[in-house]
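# Using only what follows, build the 3D model:
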Amino acid sequence: MRRRFKQAVSQLLAASLLIPAVWLAPTAEAAASASSDAVVTAVAGEEEGTRNPALPFSTVTFEDQTTGGFAGRAGTETLTVTNEANHTDGGSYALKVEGRTQTWNGPALRVEPYVDKGYEYTISAWVKLISPASSEIQLSTQVGQGDGAGYNSLQAQTISTDDGWVLYEGSFRYNSVGDEFLTIYVESPNNATASFYIDDISFERGSGPVSIQKDLAPIKDVYQDDFLIGNVASTSDLGGVRLDLLKHHHNVITAENAMKPDATQPTKGNFTWSDNLVDGALAQGLSVHGHVLVWHQQTPAWMNTSDGVPLGREEALGNLRTHIKTVVEHYGDRVISWDVVNEAMNDNPSNPSNWKAALRKSAWYNAIGEDYVEQAFLAAREVLDAHPEWDIKLYYNDYNDDNQNKAQAIYSMVKELNDKYAQTHPGKLLVDGIGMQAHYSVNTNPNNVKLSLEKFISLGVEVSVTELDIQAGSDSQLTEKQAIAQGYLYAQLFQLYQEHADHIARVTFWGLNDATSWRSESNPLLFDKDLQAKPAYYGVVDPDKFIEEHPPTSSSANQGTATYATPVVDGTVDAAWSQAPAMAVNRYQTAWQGASGTARALWDDQNLYVLIQVNDAQLDKTNANAWEQDSIEIFLDQNNAKVSSYQDDDGQYRVNFDNETSFNPESQEDGFASAVHKSATGYTVEAQIPLDAITAENGKKLGFDVQINDAKDGIRQSVAAWNDTTGTGYMDPSTFGVLTLSGKADQSASPVASLQGKTQVNTGDTLELTYGLKDVQEGNGILAQDLIFTYDPAKLQFIAAESLQQGTQVIAVDSDTPGEVRVLMASEGPDHAITADGDLLKIKWKAIDTASSTSIELPQGHLANADGEEVSLAAAEHTLRIVSKSSGDLNEDGRYSIGDLAMAAAAYGKKAADPDWNTFKQMDLNNDGVIDIIDLSAIASLILQ
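Alright, predicted model coming up:
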């Protein structure tokens, strides 16, 4: 709540408001980093004693035919060393992972002996999917165990069985060693039964410990006369550099998981307290907010369910009241407030004034009834009434608070509960406050946040912002533009919060830094993976200055391409779809992230065709509302007018997994056709939409979006879209992305160059790059070509160029200029002119760098026909990654030398049966289980190459 300003902080602000130069051009290291989706709870405090130095880590190749220390996370998985697949250069084996029954199941490796605390480590693994045909695979690291564990996502991507071996890689800084329990593991977040191989797992130490920027203006001081500034914390945050950052900027904490029902009372009557977290925070001068007493998630089933059947009302009520009374009394006035009930309301209810109908049909609802929210608050209020000396506020907390239908339902509920309570308790509130979780994205409309905030304030309750974060970027990468946009929205929100500070008690961020955020891949917080301030910080501490210095630019919609072709609409993926670029449908409109998928688009002169492949193994259509069933939605604005309401050419087309359709407006049904194919892992929708309001032609831009609705137990729990994150596409076409029609043959069009080849090559190996032409017109034969290729001579060495087309010869090659190769080609007469698409030239390169990313470009190219007419080729590029060979480079210096030979000589005679074989097995180059003269000779041969 606002208190009068007592102390100026302008000088400190002025010193801190210079955005670091690093944000003017993100470094390659920042762009390549990938970490971590952390969920951390209360654990015993970590000992600060001296640890042994980290042991060296040898790449796990499974060539010794052991699991290399990997074990199943659940203990029920089947892990088998097999020669069915292999990624290791010169190897034969990989680890096969089967028998998974939960999404978190998978192979895990203990790594704490290899970690120096505070250091960043790069973790990589090669994965090959066995089944299903497509699944999301995730590489992660776990810090600690039990209720105190943190689960950190390093990289997640959806792969298919056709992809072969795929590299997963990410980095994580181990500021905590989790009471000496650290693992790396591979799981499938969206498929409980997916099976796969893993191979060549590496764990490499990077940069050393970091320190925080102590010269930054503390956020808590900037807003000391407005509201408290909070953050989520665990006991591992109450020490070291993370405590430094926590204390510098915050004055209140929320336990992310340690005070939730499953952590507090896992079995009936057995309570586990987080006193170490609470008392530790208080000792550091931090207040504590209690989170949470009643929730449909992270609640043990015994509280409200028995064998899948809801308990009787009185038994469930007894469990609820006992839990609330015991927990609130235990912590007493050590906490300043409680989230009594969390997330009871459905998203976007159709009739928000009827809040009871909008309640989530949770296990608590099914056991007790629609008054379970009221009963929970009455139980908590009874405890506080017995202790009038305690000043503790009781909150209702929920997400997607900027959705006006949901905000209205919350408003209606709190108003009715407080009005009813006041009839018997005049002048008193049952619900003291509303918590706006504020899990937003850079596309969130702050005006909607303002409407919700002012609606809640009008109830006469206090408001807290309880879990603030703003998604920006993806894959743990954040461009300068995205970082500024994120900072701009943070600035807009804090302007809003300051304007209403008389009614706001607390603003809590949901995470200290991006690396340990539950949404780490979308970089949602104020500090980066190294605890350094991002533009978002500066947007928070001086909103007016940030907005003035960063005037908004028009937000860019996602851009997609529809290719000219006509598929058969039958629910199967025919060859025509291979021409269409994939569009990821993974921008979530809700805090909960469920089903996702990909979309592709084709077109012809009459229709637009859309293919949507959905990853969702649990399909549900029990809700009568079509939008709350597992379904897809296609949004189309044929003239791309970007107006805020529907015109005659605009439409919304919905198809569920049983091919049942609905339309907005209903007239859009005319000419629409669809087909659906279901599988064990999801469903595929193929749709045809008439293009009846425009003339379809190359370059035409359509307003376009695709949405995936994910339902569970009769409720839509998640919404993912290709472009829109506001959830208002059903009424506002301006939220659509842009789809450009292309690919229809044009006789006057110029050919397009293509460069194809491997995207990864080992140091010392040869890369074969294929140059070809597309969109070649039959009536305009090409007889001569002048091509200039550029490359990085420190990373690649040109070897040779040869023609792939009979009757076309390489006439001359000039490679004298470092980093440039010029190739002249000519056909042997008009009969051999190039008149069709195809591959024309093979160029060979040798990878000479040890480990890096690079590219080969065709910045210039000219073609000529029999009349001497010349046309220019548009630039083309092929990117690749060079990786070091592990076999033979024993000291890992990126070359073969007598240092490697000496290491092998020192291990001469070691055998696979020796207890320390894992330390030396990389020196067994021929994998015969013994280090002998053959291995030494092999290394010598590598040196002499």
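# Please pull out the lowest mean pLDDT helix or strand from the protein.
helix 28-32 (a mean of 28; mean pLDDT, DSSP states H and E).
# which helices and strands does the helix or strand following that one pack with?
Downstream of helix 28-32, the first helix or strand assigned by DSSP states H and E is strand 71-72. For strand 71-72, the elements it packs on are strand 78-82, strand 107-110, judged by 3 or more Cβ pairs under 8 Å, 6 or more residues apart in numbering; DSSP states H and E. (Glycine included, C-beta is placed from N, CA and C.)
# Could I get the full set of strands for the stretch 451-600 of the chain?
Along the stretch 451-600 of the chain, the segments classed as strands by DSSP state E, counting those that start in this stretch run 462-471, 504-509, 559-564, 583-585, 587-588, 596-603.
# helices or strands next to the first one in the packing?
When contacts are defined as 3+ Cβ pairs under 8 Å, 6+ apart, strand 462-471 packs onto strand 393-398, strand 433-436, strand 439-441, helix 446-457, helix 480-499, strand 504-509.
# Residue ranges in the chain under the pLDDT threshold?
Within the chain, the ranges that satisfy pLDDT under 70 run 1-49, 147-148, 554-556, 591, 745-749, 778-780, 851, 883-887, 892-894.
# gap between the residue most central in space within it and residue 478?
When Cα atoms, centre = their mean is applied to the chain, the residue found nearest the centroid is residue 521 (3.8 Å). Going from residue 521 to residue 478 by Cβ to Cβ, to the nearest Å gives 10 Å.
# Going along the chain from the helix or strand encompassing residue 918, find the next helix or strand for me.
Here residue 918, judged by DSSP H and E, is contained in helix 917-920. Downstream of helix 917-920, the first helix or strand assigned by DSSP H and E is helix 933-944.
# Can you list the buried residues in that following helix?
935-936, 938-940, 942 (16 or more other Cβ atoms under 10 Å).
# which residues touch it?
888, 890, 896-898, 900-901, 904-905, 908, 923-926, 928 (Cβ atoms under 8 Å, 6 or more residues apart in numbering).
# From those residues, keep the buried residues only.
888, 890, 896, 900-901, 904, 923-925.
# Can you tell me the closest non-neighbouring residue to the residue nearest to the centre of the chain?
With Cβ to Cβ, 6 or more residues apart in numbering as the criterion, residue 521 has its nearest non-adjacent residue at 5.2 Å, and that residue is residue 476.
# got the CA positions of stretch 328-343 in PDB?
Listed next in PDB are the C-alpha coordinates belonging to stretch 328-343 (Å, rounded to 0.1, in the frame of the first residue of the first chain):
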ATOM      1  CA  VAL A 328      -2.000 -21.400   9.500                       C
ATOM      2  CA  GLU A 329      -1.600 -21.900  13.200                       C
ATOM      3  CA  HIS A 330       1.900 -23.400  12.800                       C
ATOM      4  CA  TYR A 331       3.300 -20.500  10.800                       C
ATOM      5  CA  GLY A 332       1.400 -17.900  12.800                       C
ATOM      6  CA  ASP A 333       2.400 -14.300  12.300                       C
ATOM      7  CA  ARG A 334       5.600 -15.300  10.700                       C
ATOM      8  CA  VAL A 335       3.800 -14.800   7.400                       C
ATOM      9  CA  ILE A 336       2.100 -11.600   6.300                       C
ATOM     10  CA  SER A 337      -0.600 -13.100   4.100                       C
ATOM     11  CA  TRP A 338      -1.900 -16.400   2.700                       C
ATOM     12  CA  ASP A 339      -3.100 -17.500  -0.700                       C
ATOM     13  CA  VAL A 340      -6.100 -19.400   0.700                       C
ATOM     14  CA  VAL A 341      -7.500 -20.700  -2.600                       C
ATOM     15  CA  ASN A 342      -5.500 -20.800  -5.800                       C
ATOM     16  CA  GLU A 343      -6.800 -20.900  -9.400                       C
END
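# so how far is that stretch from its chain's centroid?
32 Å (Cα atoms, centre = their mean, to the nearest Å).
# And stretch 650-662, by the same measure?
28 Å.
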